[in-house]
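Trainee: Sharing a sequence plus its predicted fold:
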Amino acid sequence: MSLLTNKQSKKIWNSVLGKLELRIPRPSFNTWLKETKGVSFDSDLFFVSVPDAFTASYLEERMLGILENEISDILKKEVKLNFIVDGQKHNPTENTSIEESIPLNPTTVVSVKKDSGLNPKYTFKDFIVGDSNELAYKGAQAVSQKIGVAFNPLLLYSGVGLGKTHLLHAIGNSAQKRGYNCFYTTCEEFTNKYISAIQNGSTETFRDFYRSVDILLLDDIQFLIGKEQTQEGFFHTFNSLYMKNSQIVIASDRPISSLKVLEPRIVSRFSGGLVADIQVPKLETRIAILKSKARNANYIIPNEVIEYIANNIKSNIRELEGSLNRILAWFQFKDEDISLDSVK
């Protein structure tokens, strides 16, 4: 058994990437290989970290042979690859024999797991509800409890930094705990993967990946504007999920009336569910948000300081939180109590 350190594994894999960078088209290398990393090498099995499950599926189906040939050539022995989605825990020596690790079919990679794309810190518990976002919040909660039944699709729209992305992740995190297969992505990422799939002849893998989920959480739908071919791919993905009662949740920075430049059949599908907007939060909600963030950071901030920040930043929750974080960081470095005079 040969167990290499993480540092050694990275160095070996970088050698593989260096050789392949000279042999395959630059767009293909940047899309599928640039973000991969060597993790470990245990006996004849080399573990490689990839950014998402779609990349893992593509490498398994389209590039496995050339990758295994290159790394076998470098290590002077026959080596099999195992792709692991970035962020998942991996211990090649824990409760796993080499017989269990090597697939029965030598052309198949084992342990390719679907990465949800969800951020666990965004939950319903941490979402502050007020008049400005109550409908969106209740709609999101209903969707997370009754997948494909309550409101399908659910479209959330608001300006920048008002909480729609938080709700998308909260829906996914809530449903995932009950065993549902959820996937969050931005429309920009969806578009880039779709274009790469067309260029590399892997559209079937792309379709299977996105159409296999129970809940698709798609952010920034306005990014599809002007991308007719991607709209076509999205429309068929949407229909496939809808017909099998999978849940679709979409976020936009503008209302449906401003999305008319999308294909009418797509806009029509959006209108068939629940459309909920999130408005700029009122003063009371802004104060509640700041108090919640301070409490989560284990800081006690005087009420007059909280109210001062809330009165001066009105349009964007993200800016509100950013201002609070800067104040907390400043006083942490200064090692003094927070006061209204010092904040001003």
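Mentor: That came in fine, so what should we check first? Numbers count the residues shown, from 1 in each chain.

Trainee: what sits against F206?
Mentor: F54, K193, Y194, A197, G233 (C-beta atoms under 8 Å, 6 or more residues apart in numbering). Placement of C-beta: from N, CA and C, glycine included.

Trainee: The helix or strand in which it is found: which residues count as buried?
Mentor: Element membership for F206 (DSSP states H and E) is helix 203-211. Buried residues in helix 203-211, counted by 16 or more other C-beta atoms under 10 Å: T205, F206, R207, F209, Y210, R211.

Trainee: can you dump the C-alpha coordinates of the following helix or strand past it into CSV?
Mentor: Beyond helix 203-211 on the C-terminal side, the first helix or strand identified by DSSP H and E is strand 215-219. Extracted C-alpha coordinates of strand 215-219, given in CSV (Å, rounded to 0.1, in the frame of the first residue of the first chain):
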residue,chain,number,x,y,z
ILE,A,215,-35.8,20.7,-6.3
LEU,A,216,-34.0,22.9,-8.7
LEU,A,217,-33.1,26.3,-7.2
LEU,A,218,-32.1,28.7,-9.9
ASP,A,219,-30.8,32.2,-9.1
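
Trainee: Just the buried positions in the helix or strand following strand 215-219, please.
Mentor: Remark: after strand 215-219, the chain's next helix or strand is helix 228-243, criterion DSSP H and E. Residues of helix 228-243 classed as buried by neighbour count (16+ other C-beta under 10 Å): T230, Q231, G233, F234, F235, T237, F238, L241, Y242.

Trainee: Same question for stretch 282-296.
Mentor: Going by 16+ other C-beta under 10 Å, stretch 282-296 has these buried residues: T285, R286, I287, A288, I289, L290, K291, K293, A294.

Trainee: close enough to count as contact, the last one and I306?
Mentor: If I follow you right, that is A294. Yes: A294 is within contact range of I306, at 7.3 Å (criterion: C-beta atoms under 8 Å).

Trainee: quick one, strands of the chain?
Mentor: Secondary structure of the chain (DSSP state E): strands located at 3-4, 37-42, 45-50, 80-85, 154-158, 182-186, 215-219, 247-252, 274-278.

Trainee: any idea of the angle the top helix by length along the chain forms with strand 274-278?
Mentor: Identified as the longest helix of the chain according to DSSP state H is helix 317-334. Calculated by axes from the mean of the first three to the mean of the last three C-alpha atoms, to 10 degrees, helix 317-334 forms an angle of 40 degrees with strand 274-278.

Trainee: mind starting the numbering at 58 from now?
Mentor: Let's use 58 as the start, then, which means that last one is helix 374-391.

Trainee: Contacts for helix 374-391, please.
Mentor: For helix 374-391, the external contacting residues (C-beta under 8 Å, 6+ apart) are 217-220, 338, 343, 346-347, 350-351, 354, 356, 362, 366-367, 369-370, 394-395, 399-400.

Trainee: 6 Å instead?
Mentor: With C-beta atoms under 6 Å, 6 or more residues apart in numbering as the test, helix 374-391 has contacts from G218, L219, G220, L347, K350, Y356, I366, I370, I395.

Trainee: Just the buried residues of those residues.
Mentor: For the contacts of helix 374-391, buried by 16+ other C-beta under 10 Å: G218, L219, G220, L347, K350, I366, I370, I395.

Trainee: circling back to that earlier point, and the contacts of F263, which are buried?
Mentor: F111, K250, Y251, A254, G290.

Trainee: S85: which of those residues is nearest?
Mentor: Among these, A254 lies closest to S85 (C-beta to C-beta), at 11.6 Å.

Trainee: Can you tell me the closest non-neighbouring residue to the closest one?
Mentor: Leaving aside its sequence neighbours, A254 sits nearest to F263 (C-beta to C-beta, 6 or more residues apart in numbering; 3.8 Å).

Trainee: Look up how far N249 lies from the one you found.
Mentor: 11 Å (C-beta to C-beta, to the nearest Å).

Trainee: thinking again about what came up before, could I get the strands of the chain as JSON lines with mean neighbour count and distance to I204?
Mentor: Output for these, formatted as JSON lines (neighbours: other C-beta atoms under 10 Å; distance: least, C-beta to C-beta, whole Å):
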{"stretch": "strand 60-61", "mean neighbour count": "16", "distance to I204": "43"}
{"stretch": "strand 94-99", "mean neighbour count": "20", "distance to I204": "34"}
{"stretch": "strand 102-107", "mean neighbour count": "22", "distance to I204": "28"}
{"stretch": "strand 137-142", "mean neighbour count": "22", "distance to I204": "23"}
{"stretch": "strand 211-215", "mean neighbour count": "26", "distance to I204": "11"}
{"stretch": "strand 239-243", "mean neighbour count": "22", "distance to I204": "9"}
{"stretch": "strand 272-276", "mean neighbour count": "25", "distance to I204": "6"}
{"stretch": "strand 304-309", "mean neighbour count": "26", "distance to I204": "5"}
{"stretch": "strand 331-335", "mean neighbour count": "20", "distance to I204": "14"}
